[in-house]
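Novice: Here is my input, please return the structure:
(one chain, ligands or ions: 1)
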Amino acid sequence: MSVIHKCLFPVAGYGTRFLPVTKAIPKEMLPILTKPLIQYGVEEAMSAGIRTMAMVTSKHKQAIENHFKPHLEIESSIQGTAKEPLLDEVNQIIKQCDFAYIEQQEMLGLGHAIYTGKSLIGNKPFAVILPDDLCTNDDDSVLLQMTKLHTQHPDCCIVAIEAVPMDAVDKYGVIDGELLSDSNNTWLVHNMVEKPSPEAAPTNLAIIGRYILTPDIFTVLENTQPDKNGEIQITDALMTLAKKGKVIAYQFQGKRFDCGSVKGFVKATNAFAEKLL
Ligand code: G1P
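Specialist: Predicted coordinates:
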């Protein structure tokens with residue numbers, strides 16, 4: 001059984017790539033078909049046995065909180081009709097999970113967002129899901145694959161990775177390392193670089209938005225210097241732990257849609273629609 005009980009969702013960002021819709025609607029509330037991105041993320045966390053969702057959010061994102069609360073007026077208006085089951089999934093989530101929220105007051109990078117969630121997490125290993133990266137798999141979800149791997153490496157942080165075209169590496173954290181013996185998908189990480197140019201990238205193995213972090217990451221984040229844009233990067237903090245042999249990269253099974261870009265969002269919509277229609 002997994003020892004990961006909490007998942008952190010950094011969801012405070014402005015989502016400026018999706019303006020104008022993100023003026024009033026959090027990007028995590030944009031739907032793939034009728035379900036918002038954040039719900040896919042929460043469902044993936046649940047599939048890995050997690051029942052506590054820690055949201056690092058901002059004051060403009062009340063809609064996320066509302067989504068994970070009962071809506072009694074709507075419920076009574078659809079009660080006994082064919083539409084009643086449409087709220088079943090989210091109501092099951094509300095019933096089974098605890099949601100905790102903390103406000104990130106300044107946008108100072110993913111490392112800063114994760115550090116902001118410290119008081120919600122405590123001192124146990126935890127998961128992080130970036131809901132922009134929508135992952136699907138017919139078998140175990142990506143996070144479940146990672147929590148299983150975590151039981152074999154309880155002292156290590158784990159990052160999910162995917163091979164991307166070399167000309168796309170500058171959108172990601174990129175790792176380098178050695179394959180663990182008997183494995184073709186699990187690396188012991190030696191090097192990590194945030195958004196390198198293709199020329200400077202050590203490999204094309206890009207980090208995608210799934211992490212399992214050990215609580216010592218918080219102390220490391222406290223001592224991680226901001227990058228040239230003034231942002232504290234989780235990649236830089238993880239590099240500190242990688243130097244001690246404490247970071248593993250896992251090439252997951254499944255498909256990832258980059259819903260942080262309009263193109264990826266449309267691809268995800270089309271793929272989900274194809275299954276439905
Ligand atoms: C963040 C991380 C990056 C990672 C990416 C995955 O970047 O900083 O290392 O590869 O998420 O989606 P962002 O997309 O927030 O710029």
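Novice: show me the contacts for residue 50.
Specialist: Residues near residue 50 by CB atoms under 8 Å, 6 or more residues apart in numbering: 2, 4-7, 127, 143. Quick note: C-beta positions are derived from backbone N, CA and C, even for glycine.
Novice: With pLDDT, secondary structure and neighbour count added, can I get the residues you listed in CSV?
Specialist: Supplementary listing: the contacts of residue 50 in CSV, determined by pLDDT from 0 to 100; DSSP: H, G, I helix; E, B strand; the rest coil; neighbours: other CB atoms under 10 Å:
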residue, pLDDT, secondary structure, neighbour count
2, 66, coil, 17
4, 97, coil, 23
5, 98, coil, 15
6, 98, strand, 21
7, 98, strand, 27
127, 98, strand, 27
143, 98, helix, 28
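Novice: any chance of these in TSV, plus distance to the ligand?
Specialist: Putting the contacts of residue 50 into TSV (distance: CB to the nearest ligand atom, whole Å) gives the following:
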residue	distance to the ligand
2	22
4	19
5	23
6	20
7	16
127	14
143	14
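Novice: So which residues on the chain come close to the ligand?
Specialist: Within the chain, the positions near the ligand by CB under 6 Å from any ligand atom are 110, 130, 133, 172-173, 194, 206-209, 233, 235, 260.
Novice: out of the residues you listed, who's nearest the ligand?
Specialist: residue 173 (2.6 Å; CB to the nearest ligand atom).
Novice: And the closest one, what's its pLDDT?
Specialist: Note for residue 173: predicted pLDDT of 98.
Novice: I'd assumed residue 193 was in contact with it.
Specialist: Yes. With the criterion set as CB atoms under 8 Å, residue 173 and residue 193 qualify as a contacting pair; they are 7.0 Å apart.
Novice: rewinding a little: now, the residues of the chain next to the ligand that are in helices?
Specialist: With helices defined by DSSP state H, the entries of the residues of the chain next to the ligand inside them are 110, 235.
Novice: Okay, now the sheet partners of the host helix or strand of residue 190, with direction.
Specialist: In this assignment (DSSP states H and E), residue 190 forms part of strand 186-194. Under the criterion DSSP bridges, strand 186-194 sits next to strand 173-179 (antiparallel), strand 247-251 (antiparallel) in its sheet.
Novice: Tell me which of those strands sits most buried.
Specialist: strand 247-251 (a mean of 23; mean count of other CB atoms under 10 Å).
Novice: how about residue 101, secondary structure?
Specialist: Taken by DSSP: H, G, I helix; E, B strand; the rest coil, the conformation at residue 101 corresponds to strand.
Novice: again with residue 120
Specialist: For residue 120, the secondary structure call by three-state DSSP comes out as helix.
Novice: Name the residues linked to the closest residue to it other than its chain neighbours by a beta bridge.
Specialist: Distances taken as CB to CB, 6 or more residues apart in numbering place residue 54 nearest to residue 120, at 3.8 Å, with adjacent residues excluded. For residue 54, the beta-bridge assignment (DSSP bridges) gives partners residue 8, residue 100.
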